[in-house]
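>>> model this:
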Amino acid sequence: MPKILEERQAFIESVIHDIKHISEEILWKSLNRKQFHDAIQHGITNLANSFNLKGLSEYRVDNFRADGRGDLIDVVWLADLRPVSVFEIDSSFRIKSIKKLLAVEVPFRFWVYYGTKDATFLIQKYDPKNIIRVVQLENIRFKKRKKHSKIL
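Numbering: from 1, shown residues only. I've put the predicted structure just below:
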């Protein structure tokens, strides 16, 4: 296991700092919500290299749903092919994302949230043991969608 993972709190603080830095770097671009999600997902996936880990996006989690079906985690970091960190990225409150993070057995779980509401209540309600680390990105502004005018 990489040394950085043994230094738990320093690792968490470094990851949160680096994700905020990534978001600041892509903010100057004129992006909509989906484009921002994809850009931050790509950035977090590549950030794994900084910690001598392998990053993958859209990682399948088996038997997550009540019906036994799987689902996808936005980003996972692997050490020796074992998941060690998982990331869900959302612009709104998604209880499903919180439940996915709680369902995966890994040392580190991060919820990257870039919505306008405070996420504290939701996390406290569904994660009373404080297992998930919230990376709340603030002051994110998105490009407005162009409205199509009707032609009569």
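>>> going forward, measure contacts between C-alpha atoms and count neighbours the same way
Fine.
>>> Can you name the residues that contact E58?
E58 makes contact with 72-76, according to C-alpha atoms under 8 Å, 6 or more residues apart in numbering.
>>> separation between I40 and K20?
Applying C-alpha to C-alpha, to the nearest Å, the value for I40 to K20 is 10 Å.
>>> Pick out whichever of those two has more residues nearby.
For the pair I40 and K20, the greater number of neighbours falls to I40 (22 against 17), based on other C-alpha atoms under 10 Å.
>>> Pull the number of nearby residues for the spatially closest residue to that one that is not a sequence neighbour.
In this structure, I40 finds its nearest non-sequential neighbour in S23, 6.4 Å apart by C-alpha to C-alpha, 6 or more residues apart in numbering. Residues contacting S23 under the criterion other C-alpha under 10 Å number 20.
>>> Just the mean pLDDT for the longest helix seen in the chain, thanks.
As assigned by DSSP state H, the longest helix anywhere in the chain is helix 8-27. Taken as a whole, helix 8-27 has a mean pLDDT of 87.
>>> Moving C-terminal from that helix, which element do we reach first?
With elements assigned by DSSP states H and E, the helix or strand that comes after helix 8-27 is helix 33-47.
>>> Can you give me the buried ones in that next one?
In terms of neighbour count (16 or more other C-alpha atoms under 10 Å), helix 33-47 has its buried residues at 33, 36-37, 39-47.
>>> Out of those residues, flag the one nearest to K125.
H37 (24.7 Å; C-alpha to C-alpha).
>>> Leaving aside the residues adjacent along the chain, what's closest to the closest one?
I89 is the one closest to H37 (C-alpha to C-alpha, 6+ apart), at 6.8 Å.
>>> List the contacts of the one you found.
By C-alpha under 8 Å, 6+ apart, the neighbours of I89 are 37, 41, 74, 111-114.
>>> Flag the least confident of those residues.
Comparing these by pLDDT, Y114 comes last, at 86.
>>> Thank you kindly, that will do.
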